[in-house]
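>>> Predicted coordinates and the sequence they were generated for:
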Amino acid sequence: MLARDLLGRILFYRTPAGLIAGRIVETEAYTGEADPASHAYRGRTARNAVMFGPAGHAYVYFSYGMHYCLNVVADRPGTAGAVLLRALEPLAGGELMRSRGDRGPEARLLSGPGKIGRAFGLTLDDNGRDFTRGSLGIGAGTPVSDRQVGVSRRIGISRAVELPYRFAVIGSRSVSAKGT
DNA sequence: CCACCGATTGCT
DNA sequence: GCAATCGGTGGT
């Protein structure tokens, strides 16, 4: 499953103000028709259209009137599927990230989907971006063994709560607050 | 056209 | 425990 395989890989963003990068330590999988918690569950709309497009693109959505969350589209065209990036361990650009408002400790600068959006400066303009081209991308990183991967229920949803679609690196200080 | 509500976060 | 904050979505 791609959500699990993204753990350990590097998300990077070359901005005019400098490089920002982090190691992915927490993800969640969202599918389409079979997943009531997915934005794509009720079919294609203007907001979720990117989820039905080619893999390797960014699906960015606006949440709770104040947060921008980043997904990696993960299925073939026509079939909705995406992986929500929930937490990263900061690798570069800490100062730039702090300039956007977070005052917490280094390891917690990217410890939640909304925090990633803020620290990276993402907006709806980033929806649809191609991770395989341009300044926002995903690098190889360091593999994470199955022994280090914790699987659990997704956070913050009210439907399909029982599905084990959340993956996190055990012991990382950068997983989101409610994570284990 | 209108009302509801969320793949969150940070403060009380 | 709960307010902040607003666009997408679906129903009237």
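Everything's here; your move.

>>> which stretches of chain A form helices?
Per DSSP state H, chain A carries helices over the ranges A:2-5, A:94-98, A:113-120.

>>> what pairs with the most centrally placed residue in chain A across the strands?
Centrality entry for chain A: nearest residue to the mean C-alpha point is residue A:85, 1.4 Å, by C-alpha atoms, centre = their mean. Beta bridges link residue A:85 to residue A:27, judged by DSSP bridges.

>>> thinking again about what came up before, out of the helices of chain A, which comes closest to DNA strand C?
In terms of C-beta to the nearest atom of the strand, the element of those nearest to DNA strand C is helix A:113-120, at 9.4 Å. Using the backbone N, CA and C atoms, a C-beta is placed for each residue, glycine as well.

>>> helices or strands next to that closest one in the packing?
For helix A:113-120, the packing partners by 3 or more C-beta pairs under 8 Å, 6 or more residues apart in numbering; DSSP states H and E come out as strand A:18-30, strand A:58-63, strand A:67-73, strand A:82-92.

>>> Out of the helices of chain A, which is the most enclosed?
Of all these, helix A:113-120 carries the top mean neighbour count, a mean of 24, counting by mean count of other C-beta atoms under 10 Å.
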